[in-house]
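Enquirer: build the 3D model from these lines:
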Amino acid sequence: MDGSFEQARAFFLQGLAHYQAGRFADAEREFAASLSLVPGRASTLTNLGATRLKLGKFDEAASLLQEAISQDERNAEAHGQLAAALAETGRTESALAHAVRAVELDPASGAAWTLRGTLERELGRTQDAEASFRQALDHDADPELVRYYLAAVSRQAPPPAPPRGYVEQL
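Expert: The predicted structure is shown next:
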């Protein structure tokens, strides 16, 4: 194998380790180094985009994720991450389109169903949101969190307090 590719792979793997450990600035540096050696690689674009999303660089994330999708239209992770980035910039309709595509590509993703339901709720589509949240529960999404969301769009009684993870994210 080419030395540049091997070095790019090493940067990529280091980026994954940093990302998983929550060291997003370090992950960003490693993914960017990998991408500089092997430009246009969909997996690297997706991971760099997800990292920039975590860092609050929403427009940069969206641009990278759109490029990843142009390289691989069937990249469910990129569609889901792009949906999240677009939602953060107030482009909820466009975000929903990508969340729907993420679910189409990976119907077993509880996280994608949760995101889809959240966007549908934000757009006032409560029946659609309820159905998406029920799908999320069927696909191993965080049950405490999704039940909380579900109560907001259905006739179920809300829990006495929001889930701890929800409060911590806020």
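
Enquirer: okay, helices next: where are they in this protein?
Expert: 3-20, 24-37, 42-54, 58-71, 76-88, 92-105, 110-122, 126-138, 143-153, 164-169 (DSSP state H).

Enquirer: quick one: distance of the fifth one to the chain centre.
Expert: Mean C-alpha position of helix 76-88 versus that of the full chain (C-alpha atoms, centre = their mean, to the nearest Å) differs by 5 Å.

Enquirer: for the first one, same thing?
Expert: Shown here is helix 3-20, whose average C-alpha point lies 21 Å from the average C-alpha point of the whole chain (C-alpha atoms, centre = their mean).

Enquirer: any chance you could list what contacts that helix?
Expert: With C-beta atoms under 8 Å, 6 or more residues apart in numbering as the contact definition, helix 3-20 has outside contacts at 24, 26-31, 33-35, 37-38, 41, 43-44, 47-48, 50-51, 54. Any C-beta I mention is one placed from the backbone N, CA and C, and that applies to glycine too.

Enquirer: mind checking how far the residue nearest the centre of the chain is from Ala161?
Expert: When C-alpha atoms, centre = their mean is applied to the chain, the residue found nearest the centroid is Gln81 (3.1 Å). Gln81 is 30 Å from Ala161, where distance means C-beta to C-beta, to the nearest Å.

Enquirer: can you check Asp59 too?
Expert: The value you get for Asp59 to Ala161, if C-beta to C-beta is used, is 35 Å.

Enquirer: of these two, who's got more company?
Expert: Asp59 (12 against 9; other C-beta atoms under 10 Å).

Enquirer: okay but that one is in contact with Glu88, surely?
Expert: No - with contact defined as C-beta atoms under 8 Å, Asp59 and Glu88 do not form a contacting pair (9.3 Å).
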